[in-house]
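Q: Below are the sequence and a predicted model for it; my questions follow.
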Amino acid sequence: MDAFLRRAKRKSSSVTQELVQDDDEDSTEVKLALLASLLPDLSHEVLLDALLAQEGSVEQAASSLLDSQTEPKKPRAPVTVGAQTSLRSFASKSSAAGGAETAKKPRLLSKKGTTLYLYDPEDVAEHTPCSIIHNFLPQEEANDLLREMLEESKSFNKVTFKLFDNIVQSPHRSSFYVATEAELNTQKHEYFYYGGRLEDVRRITPQLLRVRPKVQEAVNKAIQSRKKLRFQCPDEWTPNAAFVNCYNGPHESVGYHSDHLTYLGPRAIIGSLSLGVAREFRVRRIVPKDADNNLTDDADAQGQISIHLPHNSLLIMHSNMQEEWKHSITPAQAIDPHPIAGNRRINITYRDYKRNFHPNFTPRCQCNLPAILRTVQRKKDNWGRYFWMCHRGNVPGQVSCSFFQWAVFDDDGVPEWDTARFKKKDIATTEQNPGPSATEKQLISKEQ
Ligand SMILES: O=C(O)CCC(=O)C(=O)O
Ligand SMILES: [Fe+2]
């Protein structure tokens with residue numbers, strides 16, 4: 001569960017506004033998501049057509065769609081899979097598998113405006129920042145976990161948040177699990193999500209607990225096969241929290257987003273277990289733009305890639321995923337019912353909440369809320385730099401303050417306030433994260 005939909009207008013400093021507005025507000029997608037929440041029965045294609053016809057006005061698009069009762073529904077790409085194929089049977093392999101951070105760039109197979117469908121683990125590893133393990137758990141264990149989570153999900157809730165000054169709900173239900181009573185209290189009283197508190201925090205269930213060490217082992221093994229990125233924590237990945245999502249039927253979804261790094265730190269890794277109905281996980285790379293608004297890479301690099309997520313598959317989102325790519329679960333026109341889950345899909349994202357990113361330590365904004373950690377994703381200038389900003393504006397009825405601060409980490413992602421572990425030498429030699437410029441310092445000090 002994360003910032004799958006965000007506010008488009010945020011009252012904030014000019015620096016933050018520039019970074020955030022152009023950086024990661026996919027306004028068309030946000031508008032589409034809003035339209036979808038208003039008109040859940042219409043396909044994304046129909047909603048997009050209406051949005052384009054109304055030059056981006058959500059209100060006009062919604063009223064034109066509501067007026068035209070006869071609007072035909074356009075078919076979506078099928079989500080069910082007849083036969084799983086590998087790209088390797090069609091094309092010769094271009095480079096070593098192992099993801100985007102390997103020395104050689106994999107040959108680009110994605111295309112802007114079309115979707116590349118991947119089913120084979122080697123294809124996934126080669127063309128996306130993810131890896132996938134099919135048939136991850138022994139069958140009975142997967143089914144036990146699925147049954148347990150289906151029962152739990154009966155009391156899951158939709159997340160409510162603000163979008164374009166409207167209150168909308170997430171297009172699926174979710175809950176959050178931690179291991180101990182102490183962690184549960186900390187999560188409820190010390191952590192903030194969408195600028196507010198999380199009400200539904202639960203103790204880990206027997207099956208979630210049973211599976212956790214297996215996920216931990218598999219993820220750590222997968223990490224070993226990839227190069228450590230700058231700012232990536234070299235410590236053992238230790239899942240101490242799990243967000244569980246339930247998609248009840250083909251129309252339930254999650255829009256394109258990057259997961260919040262605020263409590264996971266930079267270059268976070270996430271283990272994501274799928275159970276029940278198979279669905280499509282779509283990913284696409286964020287190509288930054290230069291000062292003249294031109295893409296800095298091949299437009300096809302932004303093409304959508306769909307990864308098929310069958311029952312009992314573990315998807316590992318590697319360390320280049322959240323900063324450089326976005327992901328989503330698309331609504332499906334049809335699904336193959338699962339013998340235990342029926343129309344439902346359960347997704348469990350195991351996460352490693354880092355001690356030194358506890359909100360007691362992270363910067364606070366002028367509203368005295370722990371700030372949220374973001375990355376410059378769309379601008380070539382400052383691309384990849386991390387910054388802290390206020391996220392109070394996500395709360396219905398509240399606005400964000402103008403707080404902005406560049407984040408400073410050493411090469412292992414240790415934040416500057418963790419003085420015992422922070423390696424100053426890494427910062428002295430860094431060009432990518434040199435700390436704020438004189439103008440930025442002035443601006444920051446003015447705003448603090
Ligand atoms: O359901 C999934 O596979 C993805 C869920 C997700 O992206 C999230 O919880 O942040
Ligand atoms: Fe996510």
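A: Perfect, thanks for sending it. Ligands and ions are numbered 1, 2, ... in the order given.

Q: Just the C-alphas of stretch 224-240, formatted as CSV.
A: This file holds the C-alpha atoms of stretch 224-240, laid out as CSV (Å, rounded to 0.1, in the frame of the first residue of the first chain):
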residue,chain,number,x,y,z
GLN,A,224,23.2,-11.4,-4.0
SER,A,225,22.8,-11.9,-7.7
ARG,A,226,22.7,-8.1,-8.4
LYS,A,227,25.2,-5.4,-8.0
LYS,A,228,24.7,-3.2,-4.9
LEU,A,229,23.6,0.3,-6.0
ARG,A,230,24.8,3.5,-4.4
PHE,A,231,22.6,4.4,-1.4
GLN,A,232,21.5,0.7,-1.1
CYS,A,233,21.8,-0.7,2.4
PRO,A,234,24.3,-3.6,2.4
ASP,A,235,22.8,-5.2,5.5
GLU,A,236,20.8,-8.4,5.4
TRP,A,237,17.2,-7.6,4.2
THR,A,238,15.0,-8.3,7.2
PRO,A,239,11.2,-8.1,6.6
ASN,A,240,9.6,-6.7,9.8
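
Q: Quick check: phi and psi at residue 270.
A: Main-chain dihedrals, residue 270, degrees, to the nearest 10: phi -130, psi 130.

Q: Who is the nearest residue to it once chain neighbours are set aside paired with across the strands?
A: Closest residue to residue 270 apart from its sequence neighbours, by Cβ to Cβ, 6 or more residues apart in numbering: residue 317 at 4.4 Å. C-beta coordinates here come from the backbone N, C-alpha and C atoms, glycine included. According to DSSP bridges, the residues that bridge with residue 317 are residue 130, residue 270.

Q: doesn't residue 273 make contact with residue 317?
A: No. With contact taken as Cβ atoms under 8 Å, residue 317 and residue 273 are classed as non-touching, separated by 12.0 Å.

Q: Residue 316 and residue 239 touch, don't they?
A: No. Look at residue 316 against residue 239 with Cβ under 8 Å: they stay out of range, at 11.6 Å.

Q: out of the two, which sits in the busier spot?
A: Regarding residue 316 and residue 239, a neighbour count based on other Cβ atoms under 10 Å identifies residue 316 as having more, with 27 against 22.

Q: how far away is the more buried one from residue 273?
A: Computed as Cβ to Cβ, to the nearest Å, the residue 316 to residue 273 distance reads 10 Å.

Q: swap in residue 129?
A: Relative to residue 273, and taking Cβ to Cβ, residue 129 is found at 18 Å.

Q: Please identify which of those two sits among more neighbours.
A: A side-by-side neighbour count of residue 129 and residue 273, using other Cβ under 10 Å, places residue 273 first with 28 against 23.

Q: Leaving out chain neighbours, which residue sits closest to that one?
A: By the measure of Cβ to Cβ, 6+ apart, the closest residue to residue 273 outside its immediate chain neighbours is residue 348, 4.5 Å from it.

Q: confidence score at the one you found?
A: Model confidence at residue 348, expressed as pLDDT, equals 98.

Q: isn't it right up against residue 241?
A: No. Contact status for residue 348 versus residue 241: not in contact, 10.7 Å apart, counting by Cβ under 8 Å.

Q: Kindly list the longest strand within this protein.
A: Identified as the longest strand of the chain according to DSSP state E is strand 166-178.

Q: Strands of the stretch 301-448 of the chain, start to end?
A: Across the stretch 301-448 of the chain, reading from the start of the chain, the strands by DSSP state E, counting those that start in this stretch fall at 304-309, 313-317, 325-329, 344-351, 372-375, 386-389, 404-406.
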